[in-house]
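> Sequence first, then the predicted structure, then my questions.
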Amino acid sequence: MSSIVMGIESSCDETGVGLVRLRDDGGVELLADEVASSVEEHARFGGVVPEVASRAHLEAMVPTVRRAFDTAGLRMSDVDAIAVTAGPGLAGALLVGVSAAKAYAAALDVPLYGVNHLAGHIAVDTLQHGPLPTPSLALLVSGGHTQLLRVDDIACKITEIGSTVDDAAGEAYDKVARVLGLPYPGGPPIDRAAREGDPNAIAFPRGMTGPRDAPFDFSFSGLKTAVARWVEGAQARGENIPVADVAASFQEAVADVLTAKAVRAATELGIGTLVISGGVAANSRLASLAAERCADAGVELRVPRPRLCTDNGAMIAALGAHLVAAGCPPSPLDLSADPSLPV
Ligand code: KG4
Ligand code: ZN
């Protein structure tokens, strides 16, 4: 008998509800993926405001759940298990999702699984590309995280092998966009502007690539500051800012470091598959450079489609389905949110 798993995501500014079917052969199929975003409410602040996000989750939760069931053509009584992001993320935002998931699990009398948001970003790839070979390497790049993770078992064994020591890659995109007068979130407008620019116009620094630096850690704060200084210098000289060239050169520095370290990690650890996920995985230059370098190194590259890369409920439902398939014990009904939950 196949099972239906509902996933609820509310760790940041997206209220996501996903429904998946876990087939008897262990495959996981996407049935619905509904997202309500409060991103526009945060835009004028240039970043996510936690209280605004929590309130938006509260308003959007029940309507988003309803939409997911309508899309899938299912009834709530069809659900066999519920998974919810227990962390990491914003405390108040997480609590809305965890509370809703507990209420649905209690009312429907089905098991509840509190899951890790980062593992969800990796698990989502199985909805598009099928079972993940093990071990795999995951490069998780979003507004809140930049990590290299070794995946031995998506349900229970994920090990961090590197992470950013300061800003996340997406955070650097958002801050550089602000300096260039581009809107929030900064990734998409920088990606677009960069298409018209020269990636070699300005030699921005590649953080954490010195011989003494940790080989799999990242740093984007120096790059962000270098871009801000360069722009301030040009402004002080009364010059027009070549936005496309700055965007392309910044983007090249980010993509260069991310792909070089990920491919090096895969090669040194003898891992044949690299998954890139999280909002920044939607970046066109990151995708093209990763494809080029993975092909040269003989590493299989898997990048879920952009809609699956950004925060959503389907990734949590997919991870929940893998936990059900692995026979993992459910969480107790007094599950609480953990803003700094490790992988
Ligand atoms: O995964 P996500 O939706 O939310 C977090 O968990 O943070 O990632 C959002 C981040 C933002 O910083 C946004 O600027 C970035 O992903 N992003 C991009 C692109 N699309 C979104 N960064 C670079 N290029 C893109 N095309
Ligand atoms: Zn995320």
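Perfect, I can see it now. Ligands and ions are numbered 1, 2, ... in the order given.
> okay but residue 272 is in contact with residue 263, surely?
No: look at residue 272 against residue 263 with C-beta atoms under 8 Å: they stay out of range, at 11.7 Å. C-beta: built from backbone N, CA, C; applies to glycine.
> any common contacting residues for these two?
Here residue 272 and residue 263 share the contacting residues residue 299, scored by C-beta atoms under 8 Å, 6 or more residues apart in numbering.
> what's near enough to touch the residue in the stretch 51-200 of the chain that ligand 2 sits nearest to?
Nearest residue of the stretch 51-200 of the chain to ligand 2, counting by C-beta to the ion: residue 142, 4.4 Å away. By C-beta under 8 Å, 6+ apart, the contact set of residue 142 is 121, 168-170, 278-280, 310-311.
> Also residue 18?
Counted by C-beta under 8 Å, 6+ apart, residue 18 has contacts 6-7, 9, 30, 32-34, 68, 312-318.
> returning to that earlier point: show me which of residue 272 and residue 263 is the more surrounded one.
Ranked by neighbour count (other C-beta atoms under 10 Å), residue 272 and residue 263 place residue 263 first, with 23 against 14.
> The more buried one: which element?
Assessed by DSSP states H and E, residue 263 sits inside helix 243-269.
> what about the residue lying closest to residue 301 once chain neighbours are set aside, distance to residue 199?
Distances taken as C-beta to C-beta, 6 or more residues apart in numbering put residue 294 closest to residue 301, at 4.1 Å, once the chain neighbours are dropped. Using C-beta to C-beta, to the nearest Å, residue 294 is found at 19 Å from residue 199.
> Return the entry from the contacts of residue 142 with the maximum number of neighbours.
Counting by other C-beta under 10 Å, top hit in the contacts of residue 142: residue 121 with 31 neighbours.
> Would you mind giving me the confidence score for it?
pLDDT, residue 121: 96.
> hang on, the earlier thing: so for the helix holding residue 263, what gets flagged as buried?
For helix 243-269, the neighbour count (16 or more other C-beta atoms under 10 Å) marks 243-259, 261-263, 265-266 as buried.
> cool, stretch 163-180 as well?
Neighbour-count burial for stretch 163-180 flags 163-164, 166-180 (criterion: 16+ other C-beta under 10 Å).
> Next, residue 137: phi, psi?
Here is the backbone geometry of residue 137 (degrees, to the nearest 10): phi -110, psi 140.
> beta partners for it?
Beta-bridge pairing of residue 137 under DSSP bridges involves residue 150, residue 274.
> Kindly report the same for the one 4 residues further on.
Assessed by DSSP bridges, residue 141 has beta-bridge partners residue 146.
> residues in contact with it?
Counting by C-beta under 8 Å, 6+ apart, residue 141 touches 168-170, 258, 276-281, 286.
> at 7 Å instead, please
169-170, 258, 276, 278, 280-281 (C-beta atoms under 7 Å, 6 or more residues apart in numbering).
> Equivalent analysis for residue 46, please.
Contacts of residue 46 (C-beta under 7 Å, 6+ apart): 178, 184.
> Likewise for residue 95?
residue 337.
> roughly how far apart are it and ligand 1?
17 Å (C-beta to the nearest ligand atom, to the nearest Å).
> helix/strand/coil for that residue?
helix (DSSP: H, G, I helix; E, B strand; the rest coil).
> ditto for residue 288
helix.
> So which residues of the stretch 101-250 of the chain form helices?
Assigned by DSSP state H, counting those that start in this stretch, the helices in the stretch 101-250 of the chain fall at 117-123, 125-129, 169-179, 187-194, 221-236, 243-269.
> Of the ones you listed, which is nearest residue 55?
helix 117-123 (20.2 Å; C-beta to C-beta).
> Report whether the closest one contacts ligand 2.
No: judged by C-beta under 5 Å from the ion, helix 117-123 stays clear of ligand 2, getting no closer than 5.6 Å.
> How far does that helix sit from its chain's centre?
What separates the centre of helix 117-123 from the centre of its chain is 7 Å, taken as C-alpha atoms, centre = their mean, to the nearest Å.
> anything in it near ligand 1?
No: if you take C-beta under 6 Å from any ligand atom as the test, helix 117-123 misses ligand 1, and the best it gets is 7.1 Å.
> what does that helix contact?
For helix 117-123, contacts defined as C-beta under 7 Å, 6+ apart pick out 11, 85, 87-89, 138, 140, 145, 147, 149, 151, 154, 158, 275, 277-278, 315-316, 318-319, 322, 343.
> Quick one: find the helix or strand in this protein with the lowest mean pLDDT.
In the chain, the helix or strand scored least confidently by mean pLDDT, DSSP states H and E is helix 39-43, which has a mean of 87.
> Packing partners of whatever helix or strand comes next after that helix?
The helix or strand immediately downstream of helix 39-43 is helix 50-72, counting by DSSP H and E. In terms of contacts (3 or more C-beta pairs under 7 Å, 6 or more residues apart in numbering; DSSP states H and E), helix 50-72 is packed against strand 14-22, strand 28-37, helix 39-43, helix 91-108.
> Among the contacts of residue 18, find me the one that's closest to residue 107.
Set against residue 107, the nearest of the contacts of residue 18 by C-beta to C-beta is residue 6 (12.2 Å).
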